[in-house]
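1. have a look at this fold, sequence not included:
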C-alpha cells in the first residue's frame, strides 16, 4: 500500500525522464550539426580556437608582467587556457584532422604546455621565466596564425 498522497512510481520518474529526453534530443541535434561540417571546416574552427586561447595566454602573461592583473587571476586564467588548449587539440585529433593539419599537431599542442609553464612561473613569481616562455608563445602564435590563414584561404 502507498502512503496517502504518495505518487505512483511512474509519476516519480516522468518529469525527470522528459527532461532527460529533451537533453538527449538537444545533444543529438548538436552532434548532427557538428558532423555536418567538413573535416577542413572543423579543423579550421579548432585552429581558430587554439589561436584565440593562445592570444589570451599571451595577453594575460603580458598584463601580469606589467602588474596590471593580480597573480591569482593570471595563474587561474593561464591554467584554464592550458586546459582548454589541450581539450581543443584532443577534439581535433579525434576528428581526425585533414592531412595538412595532422602534420601540424605538434605545433598545435605546444601552446597548452607553454600556458601551463607560464602559470607555474607566475605562481613562483618568476618574471624571467614568464618572459622567456612568453617569447616562445609569441613564436608559436605566429606559426599558428600562418596555419590559420592557410586553412581560411582554402575555405573561400
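-> That came through, no problem. Small disclaimer: the values here were computed from a predicted structure and weren't measured.

2. going by neighbour count, list what's buried in the top helix by length along the chain.
-> Assignment by DSSP state H gives helix 127-155 as the longest helix of the chain. The neighbour-count criterion (16 or more other Cβ atoms under 10 Å) identifies 130, 133-134, 137, 140-141, 144, 147-148, 151 as the buried residues of helix 127-155. Where C-beta positions appear, they are placed from N, C-alpha and C, glycine not excepted.

3. stretch 87-96 too?
-> So, applying 16+ other Cβ under 10 Å, buried residues of stretch 87-96: 88-89, 92.

4. tell me the one of the buried residues of helix 127-155 nearest residue 40?
-> residue 151 (7.0 Å; Cβ to Cβ).

5. these two touch, right, that closest one and residue 43?
-> Yes - with contacts counted by Cβ atoms under 8 Å, residue 151 reaches residue 43, the gap being 6.4 Å.

6. so what's in contact with those two at the same time?
-> residue 101 (Cβ atoms under 8 Å, 6 or more residues apart in numbering).

7. walk me through the domains of the protein.
-> Following automatic domain parsing, one finds the domains of the chain at 1-36, 38-155.

8. looking at this structure, which helix or strand does the model trust least?
-> helix 9-35 (a mean of 50; mean pLDDT, DSSP states H and E).

9. any regions of the chain where pLDDT drops low?
-> Scanning the chain for pLDDT under 70 picks out 1-36, 156.

10. what about 50?
-> For the chain, the stretches flagged by pLDDT under 50 are 2, 7-16.

11. helix or strand: which one has the residue most central in space within it?
-> For the chain, the residue nearest the mean C-alpha position is residue 84 (3.0 Å; Cα atoms, centre = their mean). Taking DSSP states H and E as the criterion, the element that holds residue 84 is helix 71-94.
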